[in-house]
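Peer 1: kindly generate the corresponding structure for this input.
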Amino acid sequence: MVGLALSVGMAMTMRKLLIGVQAWDAETLICVALVLGVSAMLASYFPARRAASVNPTEALRAE
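Peer 2: Below is the predicted model of the structure:
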């Protein structure tokens with residue numbers, strides 16, 4: 001919710017740069033949320049997959 005409010009606020013301040021897009025344009029906000037969500041999932045998937053392949057006893061023994 002905070003991100004949504006900040007994005008709308010930033011869009012309103014950059015109104016001159018947004019040609020043909022309103023600050024409250026739902027399609028733009030949904031697309032941005034989807035792009036950020038997918039990129040966050042991909043950014044966390046690869047390290048999690050690598051961490052899941054490590055044997056826990058070997059990892060604890062190494063520390």
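
Peer 1: I'd say residue 8 and residue 32 touch.
Peer 2: No - applying Cβ atoms under 8 Å as the test, residue 8 and residue 32 come out as separate, 10.9 Å apart. All C-beta atoms are positioned from the backbone trio N, CA, C, and that covers glycine.

Peer 1: how many residues are close by residue 32?
Peer 2: 14 (other Cβ atoms under 10 Å).

Peer 1: and what of residue 58?
Peer 2: 8.

Peer 1: tell me the pLDDT of it.
Peer 2: Note on residue 58: pLDDT of 84.

Peer 1: check which helix or strand covers it.
Peer 2: Using DSSP states H and E, residue 58 sits in helix 56-62.

Peer 1: same thing with residue 7?
Peer 2: Per DSSP H and E: helix 2-13 holds residue 7.

Peer 1: average pLDDT across stretch 37-46?
Peer 2: 94.

Peer 1: now do that stretch: distance to the chain's middle.
Peer 2: Put simply, stretch 37-46 sits 8 Å off its chain's centre (Cα atoms, centre = their mean, to the nearest Å).

Peer 1: for that stretch, list the C-alpha coordinates in PDB.
Peer 2: Output of stretch 37-46 as PDB, limited to C-alpha atoms (Å, rounded to 0.1, in the frame of the first residue of the first chain):
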ATOM      1  CA  GLY A  37       6.800  -9.000  -8.700                       C
ATOM      2  CA  VAL A  38       8.100 -11.200 -11.400                       C
ATOM      3  CA  SER A  39      11.600  -9.800 -11.200                       C
ATOM      4  CA  ALA A  40      11.600 -10.200  -7.400                       C
ATOM      5  CA  MET A  41      10.500 -13.800  -7.700                       C
ATOM      6  CA  LEU A  42      13.300 -14.500 -10.300                       C
ATOM      7  CA  ALA A  43      15.900 -12.700  -8.100                       C
ATOM      8  CA  SER A  44      15.000 -14.900  -5.100                       C
ATOM      9  CA  TYR A  45      14.500 -18.200  -6.900                       C
ATOM     10  CA  PHE A  46      18.000 -18.800  -8.100                       C
END
